[in-house]
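Asker: The sequence isn't on hand, but the structure is:
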């Protein structure tokens with residue numbers, strides 16, 4: 001029977017290994033059911049080539065039957081991907097799969113064809129009946145030139161990995177929660193989409209051919225004029241391309257694989273369940289960050305769109321992404337329903353959607369499935385190593401995971417006080433349920449870190465202990481590694497910190513948390529270009545993250561680029577952030593620019609008296625009004641402000657008393673003040689860095705500057 005399209009012998013070719021049909025005739029049953037589904041789905045009669053006695057091997061003396069190549073001239077190739085199919089020595093792989101892949105790339109339609117929805121589909125439509133070994137996955141992806149995108153007929157339970165049967169004995173025990181009838185329908189629908197696209201392509205080709213024939217004489221007549229015009233246009237394009245085309249190509253590549261995950265809607269009718277829907281988003285993002293081929297926007301920048309009425313196109317434009325994942329979560333007792341849909345914001349087309357009705361024990365598999373489906377739909381490559389990491393459950397204790405999500409919910413609010421105490425409580429609860437769960441140890445460390453003012457504080461020692469435990473439990477966690485790096489550099493161990501920074505960048509090079517902390521660290525080392533580049537990359541993935549904006553402002557400031565520092569700092573404050581560190585930077589900028597009148601006459605910026613009094617004392621020392629300056633310094637000492645010795649030394653640096661500068665810096669060293677890490681780059685101390693006592697202090701700190 002001929003194909004629907006002239007020049008092709010079949011519409012569908014079924015390729016399989018004989019062993020996969022021997023035991024219970026699975027392939028034969030699949031083909032029978034597919035034929036029935038195709039009849040109910042597609043108006044035209046679809047021709048299917050299925051050889052019930054395929055060759056499963058070939059000797060060196062054999063030659064491939066010429067008729068097989070004729071049969072392979074088909075519209076759609078369906079390989080039954082099993083544990084034995086991916087074998088370079090097998091007939092099915094070598095003479096069917098690889099041959100069709102080559103033929104399809106070279107024929108009039110190409111192997112990959114654009115669907116009516118605007119998405120692209122391959123004419124190779126794999127049906128997968130087993131989970132594969134990593135080597136088999138790699139073999140497939142190397143041949144296809146990308147990630148395997150298949151329709152799965154797999155039944156999985158403890159110790160079981162077999163083909164899904166048409167009539168299952170215990171369908172509820174299938175971990176994958178797929179039904180044979182639904183999967184058959186998916187195959188038929190996919191076939192229908194591809195055939196519609198091919199027909200449309202063929203019709204357009206016919207129209208083009210007629211138009212070309214009509215225009216042929218006109219083209220010949222005006223050839224000389226066309227040549228002149230074309231030559232001019234080509235020259236213009238070359239000139240423009242020299243400046244713009246690399247940028248355009250780069251933007252297109254980023255656009256195709258860029259995604260934002262919006263906050264999931266909590267359908268549980270209980271605001272106290274918000275932690276769970278937020279936790280699902282964070283877990284999916286954590287897995288997506290590990291796919292180096294994707295550009296993923298962090299949740300810090302997407303949280304502002306929670307319950308937003310803005311059209312998705314506007315949100316995508318603000319975040320500079322081409323696709324958005326939105327979803328909803330409903331948690332009732334031990335059950336959870338999650339609905340997700342991936343949308344191409346350029347065309348408003350739904351790329352992919354899925355609903356999951358599972359027990360809470362399956363929450364990690366849902367997160368993994370969603371992340372991998374997104375990667376496949378955006379044509380991102382997932383290596384076997386990354387796939388293994390994505391599929392790994394961080395804990396087997398659901399109570400520990402639930403407590404961790406509650407702790408993370410409070411931690412992300414970053415409100416201090418009682419909220420930080422709540423975060424600490426839940427992270428400790430999570431560890432009580434599962435002491436081998438790395439993530440709550442990392443965030444427990446970060447909570448203690450927030451409460452500490454110096455490396456000598458008890459909270460700091462608790463932060464260090466928890467950070468070391470987290471890294472011991474998960475040496476490949478980029479978040480845990482960065483956390484340790486920050487602790488090391490605040491102990492003035494810059495060499496050890498840089499080693500950790502480089503390791504984290506190697507593991508997750510596009511994680512905005514890793515990038516912004518790399519920017520902060522290289523600022524301390526005086527490597528302005530590197531720090532600015534890392535902060536900018538962090539903002540590319542997390543455009544309104546306050547910490548990244550603040551670190552960029554600091555990177556510019558300590559590199560002497562004050563105008564750029566003001567720009568970043570202004571953006572920071574426009575987003576209504578008011579961190580004490582940035583208020584200090586505000587006054588540092590005013591001092592370096594000599595804006596004395598603003599410091600003296602304006603009220604305290606964001607009501608921060610400490611920052612303004614430090615700046616005022618510096619101004620008074622600069623104007624040789626020592627009594628007024630000393631009075632302000634004594635008030636700061638009585639209040640024992642954080643990093644007190646460093647800031648007193650800072651105020652004296654604007655006068656001429658090098659003895660007091662050196663004495664206070666040495667006290668800052670003894671007190672292990674965290675702020676001292678900036679000594680090598682702070683412009684206030686520039687004229688004192690060659691002082692023997694300051695130089696000795698920098699050497700004790702093993703500062704690279």
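Answerer: Cool, got the structure. If you're wondering where the values come from, they're calculated on a predicted model, not measured in any experiment. Numbers count the residues shown, from 1 in each chain.
Asker: which residues of the stretch 601-705 of the chain fall in strands?
Answerer: Here the stretch 601-705 of the chain has no strands by DSSP state E, counting those that start in this stretch.
Asker: Give me the neighbour count for the nearest residue to residue 38 once chain neighbours are set aside.
Answerer: Once flanking residues are discounted, residue 38 sits nearest to residue 46: 4.7 Å by C-beta to C-beta, 6 or more residues apart in numbering. To be clear about C-beta, it is placed using only N, CA and C from the backbone, and glycine gets the same treatment. Look at residue 46: counted by other C-beta atoms under 10 Å, it has 23 neighbours.
Asker: Name all residues that make contact with residue 416.
Answerer: residue 450 (C-beta atoms under 8 Å, 6 or more residues apart in numbering).
Asker: I'd like the distance between it and residue 336.
Answerer: To residue 336, residue 416 is 32 Å away according to C-beta to C-beta, to the nearest Å.
Asker: and what of residue 301?
Answerer: With C-beta to C-beta as the criterion, residue 301 and residue 336 are 26 Å apart.
Asker: Next: residue 511.
Answerer: For residue 511, the distance to residue 336 - C-beta to C-beta - is 27 Å.
Asker: who has more neighbours, these two?
Answerer: Comparing residue 511 with residue 336 by other C-beta under 10 Å, the one with more neighbours is residue 511, at 26 against 21.
Asker: The closest residue to the more buried one other than its chain neighbours - how many residues pack around it?
Answerer: Of all residues not flanking residue 511 in the chain, residue 289 sits nearest, at 4.7 Å (C-beta to C-beta, 6+ apart). Other residues near residue 289 come to 22 when the count uses other C-beta under 10 Å.
Asker: And the pLDDT at residue 289?
Answerer: Looking at residue 289, its pLDDT stands at 87.
Asker: Confirm that residue 515 sits in a helix.
Answerer: Yes: judged by DSSP: H, G, I helix; E, B strand; the rest coil, residue 515 forms part of a helix.
Asker: Would you confirm that it contacts residue 534?
Answerer: Yes: taking C-beta atoms under 8 Å as the definition, residue 515 is a contact partner of residue 534 at 5.1 Å.
Asker: hmm, back to that, phi first, then psi, for the residue nearest to residue 38.
Answerer: The phi and psi values for residue 46, taken as degrees, to the nearest 10, are phi -100, psi 130.
Asker: now swap in residue 344 and tell me
Answerer: Residue torsions, per degrees, to the nearest 10, at residue 344 are phi -80, psi 110.
Asker: how many neighbours does it have?
Answerer: 21.
Asker: Can you name the residues that contact the residue nearest to residue 511?
Answerer: Residue 289 touches 296, 508, 510, 511, counting by C-beta under 8 Å, 6+ apart.
Asker: Give me the subset of these lying in helices.
Answerer: Among those, no residue falls in helices (DSSP state H).
Asker: Check which helices and strands the helix or strand hosting residue 30 sits against.
Answerer: Using DSSP states H and E, residue 30 falls within helix 26-41. In terms of contacts (3 or more C-beta pairs under 8 Å, 6 or more residues apart in numbering; DSSP states H and E), helix 26-41 is packed against helix 19-22, strand 48-49, helix 180-221.
Asker: Quick one: residues contacting the residue nearest to residue 122 when sequence neighbours are not counted.
Answerer: Sequence neighbours aside, residue 112 is the residue nearest to residue 122 in space, at 5.3 Å (criterion: C-beta to C-beta, 6+ apart). By C-beta under 8 Å, 6+ apart, the residues touching residue 112 are 120, 121, 122, 123.
Asker: Strands - which of those land there?
Answerer: 120, 121, 122 (DSSP state E).
Asker: From the residues you listed, list just the buried residues.
Answerer: For these, a burial check counting by 16 or more other C-beta atoms under 10 Å picks out 121, 122.
Asker: Looking at the ones in strands among the contacts of residue 112, which one is closest to residue 543?
Answerer: For those, the closest approach to residue 543 (C-beta to C-beta) belongs to residue 120, at 28.1 Å.
Asker: which sections of this structure are below the confidence cut-off?
Answerer: 1, 53-67, 117-118, 147, 202-256 (pLDDT under 70).
Asker: roughly how far apart are the residue nearest to the spatial centre of it and residue 261?
Answerer: In the chain, the C-alpha nearest the mean C-alpha coordinate belongs to residue 289, at 2.9 Å (C-alpha atoms, centre = their mean). Applying C-beta to C-beta, the value for residue 289 to residue 261 is 11 Å.
Asker: Now for residue 163, how many residues are close by?
Answerer: Counted with other C-beta under 10 Å, the neighbours of residue 163 add up to 22.
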